[in-house]
Structure formats: structure tokens, C-alpha cells
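Participant: Structure here, sequence nowhere to be found:
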Ligand SMILES: Cc1cc2nc3c(=O)[nH]c(=O)nc-3n(C[C@H](O)[C@H](O)[C@H](O)COP(=O)(O)OP(=O)(O)OC[C@H]3O[C@@H](n4cnc5c(N)ncnc54)[C@H](O)[C@@H]3O)c2cc1C
């Protein structure tokens, strides 16, 4: 098969259909913008609690990062634990770390409850060290995580690493057995079906163009203008992640959209797949400009990275295929003659402090900023924010979400209007950091 510029995961599933002729409702309790993990998880929870929910999606269900990612369901956050403690103090960091472990349970529970067939497996993740000093830091991190968060990571010495990975280029590794893997396209399709089964209505090809807060004496709410007409909502929840645009300018200014790209090979012989990843881990390396990789359930090597920093276009996708193939062969020379069959890209969202953020901005609810850790965190934030939105009703438990209320910084000196002119410089900066650190 020749190389296809197409998302491999989409060849493994059918997205749920929606009725394109159905008119928008005049009024709903909550309008959810974006039909990815965040929006669909929120819609499912809200609808189960009896809210009238419309999910507005400019493309199709799962069209954004949610169907395009590596399917790694990861514990922890992008920032290291020492940095988190220095930013938020021990108590808040402890709650954040505990929440990051809960995110995996949250995904597992939804998959079980909704019987989503998405190859979910608690296979654990492996981080591999590209330099000796990165490896030296693993023991320190594992010690802090065990002491502060009561969570065990296993440090793997270089001479033991072949039990984890069939590559000789790394200085050692660190394993977290709690992380998991899944097929993201099947998962987001299942979440979509679950949201609809709970009573949420999903409107595809419905771009939200503007949002206006309106209030009268009796009630307040939102007038939402879409490409298919106007509707009214008591509350708005924004889950647009790396695709956040002009309809929500205050949020757009706080997020940097960054491209990430993936290749998958042809199906590998069983023995070779086992040699490359004997325990079938979700793997990523210790660089800023990192590679992440795993076997797919049908034994392809899926290899991803920030080959180009800009969001995906035909050009960045084509260029990435070759860059990533070379990266994959550096890690696994065994794949030199293996065909790459698929390449695609997607857009991640980074906040300026590389943290997830959730709460209210300009009166609307949002959850964003997953920085490549969104499979688990987006699902969790969707659910938690739905509980918060629904919290105005007297019944129900007290929702607890340690990411609500943390400072949400904008660009330094306010030098950003949502168009990331600095990305080539950021890319060069990260490559420089990888070289020196
Ligand atoms: C290549 C790649 C690999 C990744 N790998 C991993 C991984 O292995 N593990 C991990 O944890 N995370 C990974 N991530 C990140 C993860 O996929 C995302 O964090 C997560 O999918 C975000 O989900 P979401 O629902 O918030 O956003 P998305 O899935 O991006 O959905 C946002 C949706 O909003 C819609 N939208 C935007 N504006 C509007 C509007 N005005 N009106 C209507 N709709 C609108 C978009 O069309 C889009 O469908 C990866 C991301 C990429 C791109």
C-alpha cells in the first residue's frame, strides 16, 4: 500500500450519524461547543442529569484532536512535579495529581458503563531518557511522587530496558502501570453515541459564529449565532481545545495551537512487534520536542511527534511523514524496510503555563489546555465541568476540580491575538533546549 494522508484510526470505526435536516432547538439549558472528548463527556453527564443539551460542532463528531491522537491515556501532567509544587504548593498539587489518576478511572468507567468497544487496556506507560541527566532525574521524580502523592513509579536501569523496549538508544526508563491505551476514534464515536443515548442532541456542520450574553428581568442566557441559525441557552460550555477560534476571543488569546503529527506502519509480524514493545506500553521520550509511540491493536507501529510546530496543512503533513520516519528508524533500526502506510496531523492546545484550565471566562464555562494529555483529562474535565454547571441545582454531590480557579495567564505583555506568529521561534527554542539540557 502507498502512503495515505489519512487518519488510520478512522479506518477502524464508523462515527455515529446525526440527522442533518433536524432544525436547531429554540432554547436549551446548555449549549456545548465542540464534539470531542471534552464536549461529549460534558454533554453525556449533563443529559444524564436531566439537562436539555445541544452540542454544536462545526465539522463532525470527533473531527478535532479527539479522533487523531495517539490514544495514550496518561497519568500526570505535562509539567514535572517539582515545578507543579513550586507553582501551586503541596496541597493543591497533591489534589491535581490525585485528579490525574482519577482521570484514568473516569475513562475506564465510562467505557465500561457505555460498553464502548475501543481496545481500552491498562498497559502502562514508559518514559525513556534521551540523556544520562534525564535518567538521573527519574529516581528523584519517582521518590517525590511516592512521598507526596503515594503513587509508585518504577525506574528501569539501562541494562534492564530491553524487557520494556527493543531500542538501544535510551539511558533508562520510568514505568507507570496505571496509564492505559485505547483506540481514540472508537472511543470518541462511543462517547458521541453515549451522549445521544442520554438525550443530548448533536448538531454537526454547525459552526458557532458569535455568542452574546442577554438578560431580561426574568432570566439571563446566551444568544448563539451559528451557521445554521440562532439558538438560546441558559449556559454555554466551550470544549474547542486547539481549534478554539474567533467565536470565543478571550479564550483564543490564552491558547497556543500546536501541530502534532503521526505515522503508522504496515502491520508488523508478531515477533517483531513483541521485540519493539514487549509489554505493549504507551511510550514517550524525555525531550521537549518529543516522540511518542505505541503499537496499535492490529500491530502497526504508531509513531508521533511535533515534526512541524505549525498546525496541520497538506504541506506540514507531507513533510512530517519523512521527518517522523527518520525519527522512528533512529529509535528502531529494525523498521528500516517497513512501509509507512498512514500519516496525519492534528492540533493541540497549550496554555502559556502548559497547564489544563477550567472555569468561567466572560460568563461562559470552558475546559482547555491539555497540552497533549487530553484523552484522559478532557474526558474528566467534561464530566467535572458538567457537574459544576449542574451544581446550581440543590441535589447532588459537591464537585471537586483542582484545576478550577488556578491563575490562567495570557501571553507575556499581552503580545498575542490568537495568531501564533512566534511558533517557528518556539520550535527552534525547544530544539535548542533539547540540545543543551
Ligand atoms: C496528533 C495528536 C496526538 C495526540 N496524542 C495524545 C495522546 O496520545 N494522549 C493524550 O492524552 N492526548 C493526546 N493528544 C491531545 C488530545 O487529543 C486532545 O487534548 C483532546 O482530544 C482534546 O479534546 P477536546 O474535545 O477538548 O478537543 P477536540 O477533540 O480538538 O475538539 C474540539 C472541537 O471543537 C470544534 N469547534 C471549534 N470551534 C468551533 C466553533 N466555533 N463552533 C463549533 N465547533 C467548533 C472543532 O471542530 C473540534 O471538533 C494528541 C493530540 C494530537 C493532535
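Facilitator: Cool, the structure landed. Just so it is clear, the structure is predicted and the values come from calculations on it, not from any experiment.
Participant: Show the contacting residues for the residue nearest the centre of the chain.
Facilitator: Central residue of the chain (C-alpha atoms, centre = their mean): residue 374, 2.1 Å from the mean position. With contact set as C-beta atoms under 8 Å, 6 or more residues apart in numbering, residue 374 has these partners: 37, 38, 65, 66, 69, 241, 348. C-beta coordinates here come from the backbone N, C-alpha and C atoms, glycine included.
Participant: anything in stretch 171-191 near the ligand?
Facilitator: No: if you take C-beta under 6 Å from any ligand atom as the test, stretch 171-191 misses the ligand, and the best it gets is 6.8 Å.
Participant: So for that stretch, mean pLDDT?
Facilitator: Stretch 171-191 shows an average pLDDT of 98 in the prediction.
Participant: same check, this time on stretch 224-243
Facilitator: On average, the pLDDT along stretch 224-243 is 97.
Participant: Could you do stretch 255-273 as well?
Facilitator: In this model, stretch 255-273 has a mean pLDDT of 95.
Participant: cool, stretch 405-421 as well?
Facilitator: 78.
Participant: just stretch 365-373 next, same as before
Facilitator: Averaged across stretch 365-373, the pLDDT comes to 95.
Participant: can you tell me how far the residue of the stretch 251-400 of the chain found nearest the ligand sits from residue 199?
Facilitator: Closest contact between the stretch 251-400 of the chain and the ligand, by C-beta to the nearest ligand atom, is at residue 374 (1.8 Å). Separation of residue 374 from residue 199 (C-beta to C-beta, to the nearest Å) stands at 25 Å.
Participant: got the phi/psi numbers for the residue of the stretch 251-400 of the chain closest to the ligand?
Facilitator: In terms of degrees, to the nearest 10, the main-chain angles of residue 374 are phi -90, psi -20.
Participant: count of neighbours near the spatially closest residue to residue 121 that is not a sequence neighbour?
Facilitator: The shortest distance from residue 121 to any non-neighbouring residue, by C-beta to C-beta, 6 or more residues apart in numbering, is to residue 181 (5.5 Å). Residue 181: 27 surrounding residues under other C-beta atoms under 10 Å.
Participant: wait, doesn't residue 181 sit right on residue 123?
Facilitator: Yes: counting by C-beta atoms under 8 Å, residue 181 does reach residue 123; the two are 5.2 Å apart.
Participant: shared neighbours of the two, anything?
Facilitator: With C-beta under 8 Å, 6+ apart as the test, residue 181 and residue 123 both reach 280, 282.
Participant: Point out the residues in the stretch 101-250 of the chain that sit beside the ligand.
Facilitator: For the stretch 101-250 of the chain, the residues in contact with the ligand (C-beta under 6 Å from any ligand atom) are 207, 208, 239, 240, 241, 242, 243, 245, 247.
Participant: one more time with 5 Å
Facilitator: 207, 208, 239, 240, 241, 243, 245, 247 (C-beta under 5 Å from any ligand atom).
Participant: and the gap between the residue nearest to residue 121 and residue 296?
Facilitator: Between residue 181 and residue 296 the computed distance is 9 Å (C-beta to C-beta).
Participant: for residue 97, same thing?
Facilitator: Counting by C-beta to C-beta - residue 97 and residue 296 are separated by 29 Å.
Participant: that older thread, now intersect the contacts of residue 374 with the helices, please.
Facilitator: Using DSSP state H, the members of the contacts of residue 374 that fall in helices are 37, 38, 65, 66.
Participant: So residue 371, which state does it fall into?
Facilitator: coil (DSSP: H, G, I helix; E, B strand; the rest coil).
Participant: Same check on residue 209?
Facilitator: Criterion first, three-state DSSP; result for residue 209: strand.
Participant: how many neighbours does it have?
Facilitator: For residue 209, the tally of surrounding residues (other C-beta under 10 Å) stands at 14.
Participant: Just confirm it contacts residue 229, I think it does.
Facilitator: No: look at residue 209 against residue 229 with C-beta under 8 Å: they stay out of range, at 10.5 Å.
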